[in-house]
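Participant: Show me how the following folds:
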Amino acid sequence: MTSPLNDLDVDNLFWHLPMAIIVARHRVMVACNQRALEVFQAAREQIIGQSFEVLYPERKDFESAALHFGPMLAVHADFEDERMMRRLDGTHLWLSVRGYGFHEENPYELAAWVFNKVVSADSKGSRSAGLTERERDVAALLLDGLTSKEIARRLGISPRTVDVHRGTLIRKHGVNTKSELINRLAE
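Facilitator: Numbers count the residues shown, from 1 in each chain. As a prediction, this is how the structure comes out:
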């Protein structure tokens, strides 16, 4: 009797999983699935062999993520973090990030990462906690440097509605100006 696993095409299964997965060695991407390419709007050859730095808004974000995730990867902690990431076209998006390091002594030697678009904003302690999906969309487009009119066209809403969302974001993040908001969102 043959096992169903004998006919299992693991590469095909990995490629078609419904969540974005990237495998990295020393923070350099060595494998990804189709969903990861869709999420980051990239071709496979644009991702494989590149540092994870290309998926962060700024270098400081890439560096702080290493300090944040390393200890959890080393002890195989089950963790989830929400953060602003960058697509290869330069646009930003909120993603939920989970990771698993395979070597305790050197957690970045080999690690697998799972990314999902944030759809609910009820996670305690999250930078997007308390934000609606539309507010997260506006925040990402503000980080992309778009004006209210450009954001309105992109989202199919009025510029006044964008201004209302921006005002709500300013209030929720405890800042006073658009530039302070952008700095806070980029943290």
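Participant: and stretch 67-84, which residues are buried?
Facilitator: Residues of stretch 67-84 classed as buried by neighbour count (16 or more other Cβ atoms under 10 Å): 69, 72-73, 81-84. Bear in mind the C-beta positions are built from the backbone N, C-alpha and C, glycine included.
Participant: Name the residues that touch it?
Facilitator: Residues from elsewhere that reach stretch 67-84 (Cβ atoms under 8 Å, 6 or more residues apart in numbering): 57, 61, 65, 92-101, 104-105, 107-108, 111, 118, 123, 126-128, 139-140, 143, 185-186.
Participant: Which members of these are classed as buried?
Facilitator: 57, 61, 65, 92-101, 107-108, 111, 118, 126-128, 139-140, 143, 185.
Participant: From these, which land in helices?
Facilitator: Using DSSP state H, the subset of those located in helices is 61, 65, 139-140, 143, 185.
Participant: Identify, from these, the entry nearest to residue 17.
Facilitator: residue 65 (22.7 Å; Cβ to Cβ).
Participant: dump the residue contacts of residue 59.
Facilitator: Here residue 59 is in contact with residue 53 (Cβ under 8 Å, 6+ apart).
Participant: for the one 5 residues further on, same thing?
Facilitator: With Cβ under 8 Å, 6+ apart as the criterion, no residue contacts residue 64.
Participant: In the helix or strand of the chain with the lowest mean pLDDT, which residues are buried?
Facilitator: The weakest-scoring helix or strand in the chain, judged by mean pLDDT, DSSP states H and E, is helix 178-186 (a mean of 78). Burial within helix 178-186, assessed by neighbour count using 16+ other Cβ under 10 Å, is assigned to 181, 184-185.
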